[in-house]
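> give the three-dimensional model of this entry:
(one chain, ligands or ions: 2)
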Amino acid sequence: MLSSPHPAAVGVYGGTFDPIHQAHLRVAEEFAEAFGLSQVRLIPTGEPPHRNSPATPAEQRLAMVEAAIAGNPRLMADPREVHRRGYCYTIDTLGELKAELPPGTPLAWLVGADAFLSLHRWKCWQELLDLAHLAVAVRPGFDLESWQKTAPDQLLAAVQPKLSDESAIPVAPVPGRITFLSTTPLAISSTRLRADLAAGRSVRYLLPDPVLEYIERHHLYQI
Ligand SMILES: Nc1ncnc2c1ncn2[C@@H]1O[C@H](COP(=O)(O)OP(=O)(O)OP(=O)(O)O)[C@@H](O)[C@H]1O
Ligand SMILES: O=C(O)c1ccc[n+]([C@@H]2O[C@H](COP(=O)([O-])O)[C@@H](O)[C@H]2O)c1
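Numbering: from 1, shown residues only. Ligands and ions are numbered 1, 2, ... in the order given. Okay, here's the model as predicted:
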């Protein structure tokens, strides 16, 4: 069998994951499948710069990610942001990964549609695309079909020339290609789960059973 001259691409999926739910997992799985990735790193953020502090400490959000992906060999929990002091920025995370992985390893970075639509407010956002390809997942309530009509000019100008067909990305040698992934739309959010848990409503089947067991064992998301 011929071995490929290029290192395999590594998937990167950052999130607050407070808690991780089935839509996160399904999107990660479909992303791995679409790009032929043998590894997708799920990276729970420590202190996010762009939103209120999470309801749950980073170590516990990491533990829930680990519980959620147990048994799936291509999903991996990456703890690097949990241990970072100060705000966690994606530019730092991608830079660290780039430095650690074998030279030439392409990074494929996954975000949901809501995160993508505010990309122009991220730290060094244009430089992010010097480090990784970007896959944007469908998310109910966020209209990617007509994003070009409403997106800020600066985001449009930066993104439009980089848009690519999904199939071109895994083999594109130069980072910065962007694709919209047609993942299964699942209208699940951590916000809704936290509210349901606080109100004592069932969240069964919206997140994996081991995550629910962890939440119950640690009495998380109760008021
Ligand atoms: N239902 C979903 N479909 C597609 N992408 C999603 C979905 N939920 C979250 N994502 C994406 O996963 C990443 C991490 O999301 P996050 O952990 O903030 O989950 P969330 O459900 O949006 O949480 P919250 O309600 O607390 O904001 C982001 O890129 C987000 O866009
Ligand atoms: O680096 C930034 O400036 C930045 C701004 C907003 C969001 N992010 C990252 O985007 C990912 C998704 O964020 P969230 O809030 O949807 O969970 C998560 O990994 C965050 O660290 C990063």
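> show me what contacts the residue of the chain found nearest ligand 1?
Closest contact between the chain and ligand 1, by CB to the nearest ligand atom, is at residue 112 (2.0 Å). All C-beta atoms are positioned from the backbone trio N, CA, C, and that covers glycine. When contacts are counted by CB atoms under 8 Å, 6 or more residues apart in numbering, residue 112 touches 27, 136, 137, 139, 142.
> and the last one, how far from ligand 2?
The gap separating residue 142 from ligand 2 is 11 Å, by CB to the nearest ligand atom, to the nearest Å.
> can I get the lowest-mean-pLDDT helix or strand in the chain in PDB, CA atoms only?
Within the chain, no helix or strand scores below helix 147-150, which has a mean of 82 by mean pLDDT, DSSP states H and E. Only the C-alpha atoms of helix 147-150 are listed here, as PDB (Å, rounded to 0.1, in the frame of the first residue of the first chain):
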ATOM      1  CA  TRP A 147     -25.500  35.000   5.000                       C
ATOM      2  CA  GLN A 148     -24.000  37.000   2.200                       C
ATOM      3  CA  LYS A 149     -27.000  39.400   2.300                       C
ATOM      4  CA  THR A 150     -26.600  40.200   6.000                       C
END
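> flag every buried residue along it.
residue 147 (16 or more other CB atoms under 10 Å).
> run the chain-centre distance for it.
22 Å (CA atoms, centre = their mean, to the nearest Å).
> can you redo the contacts of residue 112 as TSV with pLDDT and secondary structure?
Below are the contacts of residue 112 laid out as TSV (pLDDT from 0 to 100; DSSP: H, G, I helix; E, B strand; the rest coil):
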residue	pLDDT	secondary structure
27	98	helix
136	95	strand
137	94	strand
139	89	strand
142	83	strand
